[in-house]
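**Q** Any chance you could fold what I've pasted below:
(one chain, ligands or ions: 1)
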Amino acid sequence: MTLSLIIGIGIKRNGSHYKAVVKFSFCCVSYFILLSTILKLECRQSLRCGCMMRGGGRWICLILVGLLSLLTIEAYEVGLTFLNSAVAKGAVCLDGSAPAYHMDKGFGAGVNNWLVFFEGGGWCNNVTSCLARRDDRLGSSKKMLKTETFSGMFHNKPKYNPDFYDWNRIKVRYCDGASFTGDVEAVDPKTNLHYRGARIFRAVIEDLLAKGMKNAKNAMLAGCSAGGLTSILHCDNFRSLLPATTKVKCLADAGFFINGKTIIGTNHIEGFFADVVKTHGSAKVLSPACTSKMSPGLCFFPQNMVQYIRTPIFLINAAYDSWQIKNILAPGVADRKGTWRECKLDITKCSPAQLNVLQGFRQEFLHALTGFGNSPSRGLFINSCYSHCQTGIQETWLRDDSPLLGQTTIAKAVGDWYYDRGTFQKIDCPYPCDKTCHNRVFD
Ligand SMILES: *[C@@H]1O[C@H](CO)[C@@H](O)[C@H](O)[C@H]1NC(C)=O
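**A** The predicted structure follows:
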């Protein structure tokens, strides 16, 4: 990167004839695109740079590229490992391909510490929706990106990730469509759909045990979104697969999906989750204490089973979780006229009446947390942001301007809780009181 910058400056100095400027501009824009991909900035940023290339904006671009190249150390890329040995166990993605994960090895004092994080990406609830994702990255390892950006709680530098930087950090790719809970033996030859998420979960853990996790001193099961739900549903299961001497805890980021009603008072997510559980044969891995009391579909909701979890667990969630607002509170089927469209994309665009409904959703969310209890082994970081997943990106995990709750970053709250330096159970004041939020704006 630095080298390219020097070359760029070189061209500029050697005479500012047209060709060199075009070449430099091209480089500059390319780097912007490259950098914004790495940094996951929006495409608009690169286009803006493209515009600035006309006239004297070159130097602005140069300075920005320089600054951005300094910022790139906030994240780095890690390659994909295919778990080919899992195929013989029938632990496969929707299309029958091998599961896969990204792993960055632990080092120094962290060699025997393991963070096993499961990726999210919604769910498929029936043959139609599972077929729709069978041949994309959420249903097939053949389509997964070959590298993944590690940042936030995956970072390997103490400055960005003080408590887990030297751990073995694994991000498991999502490719089963049911939060790694499915286990159906039969494969319909017409669709070739495999519902085997629970087998993937087990195969991944067994593989990691063989790679050294059997000697783990510390281990944490984590995940975000549908992967956060994996962490909740599989928490005790994970504990039981690890040696009794290992200190095991679970962390669910944006995984506390509530059985909420829609803006028109209908049940939408309840039927959807019931379909997911039925299609994927998930009942077997759900909490028996829950399934003995209610239908398996309801036991897919954390609020109905979280009280039975025995392993220490930490929930990070926005009370106005943007995925839940978009898909549980105001899904398209409940908003035929699209009056919620703008508000769902950007919370600042919500009308006072819509904000009232959002406050109602927060109340429902907090009520659903009742069974979580306040045992010191349980952590709770419920902020009032419009967001979804706050651990895997630097800006919300730990940075100068990261979200705070009780003056504490997510990184510190989780670190203190994991290492028993302190407890953390906090619920933010209602929106828009929290000025530290990074509210999501969707295109
Ligand atoms: C499958 O689920 C989708 C929602 O994901 C729904 O729109 C569709 O009607 C369902 N199809 C069948 C055949 O039940």
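**Q** give me every residue that touches F238.
**A** 116, 205, 219, 221, 248, 250, 311 (Cβ atoms under 8 Å, 6 or more residues apart in numbering). For the C-beta atoms, the positions are set from N, CA and C on the backbone; glycine is no exception.
**Q** Where does the residue in the stretch 301-443 of the chain positioned nearest to the ligand sit: helix, strand or coil?
**A** Of all residues in the stretch 301-443 of the chain, V333 sits closest to the ligand, at 8.1 Å by Cβ to the nearest ligand atom. Per DSSP: H, G, I helix; E, B strand; the rest coil, the local secondary structure of V333 is helix.
**Q** Export the contacts of F238 to a markdown table and append columns for secondary structure and distance to the ligand.
**A** Formatted as a markdown table, the contacts of F238 follow (DSSP: H, G, I helix; E, B strand; the rest coil; distance: Cβ to the nearest ligand atom, whole Å):
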| residue | secondary structure | distance to the ligand |
| --- | --- | --- |
| V116 | strand | 29 |
| I205 | helix | 29 |
| A219 | strand | 34 |
| L221 | strand | 28 |
| V248 | strand | 34 |
| C250 | strand | 28 |
| T311 | coil | 32 |
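**Q** So which bits of the chain are right by the ligand?
**A** Counting by Cβ under 6 Å from any ligand atom, the chain comes close to the ligand at 125-126, 128-129.
**Q** Just want the residue of the stretch 1-150 of the chain that's nearest the ligand.
**A** For the stretch 1-150 of the chain, Cβ to the nearest ligand atom, closest residue to the ligand: N126, 3.8 Å.
**Q** Does that residue touch D275 like I think?
**A** Yes. The pair N126 / D275 is scored as a contact, 5.7 Å apart, by Cβ atoms under 8 Å.
**Q** neighbours of the residue of the stretch 301-443 of the chain closest to the ligand, just the number please.
**A** As a burial measure, V333 scores 10 neighbours (other Cβ atoms under 10 Å).
**Q** N126 and D275: who's more crowded?
**A** Using other Cβ under 10 Å as the criterion, N126 and D275 rank with D275 on top: 16 against 13.
**Q** any idea which element that one lies in?
**A** helix 269-280 (DSSP states H and E).
**Q** what residues does that helix touch?
**A** Counting by Cβ under 8 Å, 6+ apart, 123-127, 130, 176-178, 181-184, 195, 197, 257-260, 282-283, 286, 295-301, 327-328 sit against helix 269-280.
**Q** Next step: these restricted to helices.
**A** Judged by DSSP state H, the contacts of helix 269-280 include 127, 130, 197 as members of helices.
**Q** Adding neighbour count and pLDDT, write those residues out as TSV.
**A** Listed next are the ones in helices among the contacts of helix 269-280 as TSV, based on neighbours: other Cβ atoms under 10 Å; pLDDT from 0 to 100:
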residue	neighbour count	pLDDT
V127	14	98
C130	25	98
G197	33	98
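**Q** Going by distance to Y76, which of those residues wins?
**A** G197 (28.6 Å; Cβ to Cβ).
**Q** Show me which of the contacts of helix 269-280 are buried.
**A** 123-125, 130, 176-178, 181-184, 195, 197, 257-260, 282-283, 286, 296-301, 327-328 (16 or more other Cβ atoms under 10 Å).
**Q** Which phi and psi values does the residue lying closest to G392 once chain neighbours are set aside adopt?
**A** Nearest residue to G392 in three dimensions, chain neighbours excluded: G152, at 4.8 Å (Cβ to Cβ, 6 or more residues apart in numbering). Backbone torsions for G152, taken as degrees, to the nearest 10, come to phi 60, psi -130.
**Q** From the ligand, how far out is G152?
**A** 30 Å (Cβ to the nearest ligand atom, to the nearest Å).
**Q** That residue reaches P162, doesn't it?
**A** No. Shown here, G152 and P162 do not form a contact pair, counting by Cβ under 8 Å, at 11.9 Å.
**Q** Name the residues contacting each of the two.
**A** Contacts common to G152 and P162, judged by Cβ under 8 Å, 6+ apart, are 398, 411.
**Q** Neighbour count: the two, which is higher?
**A** The neighbour comparison of G152 against P162 (other Cβ under 10 Å) goes to G152, with 26 against 14.
**Q** Now do the same for the more buried one: its pLDDT.
**A** Here, the pLDDT recorded for G152 equals 98.
**Q** go on, E74?
**A** For E74, pLDDT reads 82.
**Q** who's in contact with it?
**A** Counted by Cβ under 8 Å, 6+ apart, E74 has contacts 39, 151, 155, 160, 394, 399.
**Q** picking up where we left off before, can I get the ones in helices among the contacts of helix 269-280 in TSV including distance to A353?
**A** Below are the ones in helices among the contacts of helix 269-280 laid out as TSV (distance: Cβ to Cβ, whole Å):
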residue	distance to A353
V127	39
C130	37
G197	40
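**Q** Over to stretch 320-328 now: how far is its first residue from its last?
**A** 11 Å (Cα to Cα, to the nearest Å).
**Q** what's next to that stretch, contact-wise?
**A** By Cβ under 8 Å, 6+ apart, stretch 320-328 touches 225, 254, 256-258, 260, 262, 268-269, 344, 347, 358, 361-362, 365, 384-388, 431, 440, 442.
**Q** list the buried ones in that stretch?
**A** 320-328.
**Q** among these, which two are most distant?
**A** Y320 and N327 (13.2 Å).
**Q** how about the strands of this structure, start to end?
**A** Ranges of strands in the chain, per DSSP state E, are 76-82, 100-104, 113-118, 147-150, 168-172, 218-224, 247-253, 313-318, 379-383, 425-427.
**Q** for the first one, packing partners?
**A** With contacts taken as 3 or more Cβ pairs under 8 Å, 6 or more residues apart in numbering; DSSP states H and E, strand 76-82 sits against strand 100-104, strand 147-150.
**Q** gap between the last one and the chain center?
**A** Looking back up the chat, that one is strand 147-150. On the basis of Cα atoms, centre = their mean, to the nearest Å, strand 147-150 sits 13 Å off its chain's mean C-alpha point.
**Q** ok, now the first one?
**A** Distance, stretch centre to chain centre, for strand 100-104: 15 Å (Cα atoms, centre = their mean).
**Q** Which strands and helices lie in contact with it?
**A** Going by 3+ Cβ pairs under 8 Å, 6+ apart, strand 100-104 lies up against strand 76-82, strand 147-150, strand 168-172.
**Q** Give me whichever of these is most buried.
**A** For these, the largest average neighbour count (mean count of other Cβ atoms under 10 Å) is found in strand 168-172, namely a mean of 25.
**Q** which other helices and strands contact that one?
**A** Looks like strand 168-172 contacts strand 100-104, strand 113-118, strand 147-150, helix 197-210 (3+ Cβ pairs under 8 Å, 6+ apart).
**Q** Would you format these as TSV with distance to L242 included?
**A** Formatted as TSV, these follow (distance: least, Cβ to Cβ, whole Å):
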stretch	distance to L242
strand 100-104	17
strand 113-118	9
strand 147-150	23
helix 197-210	8
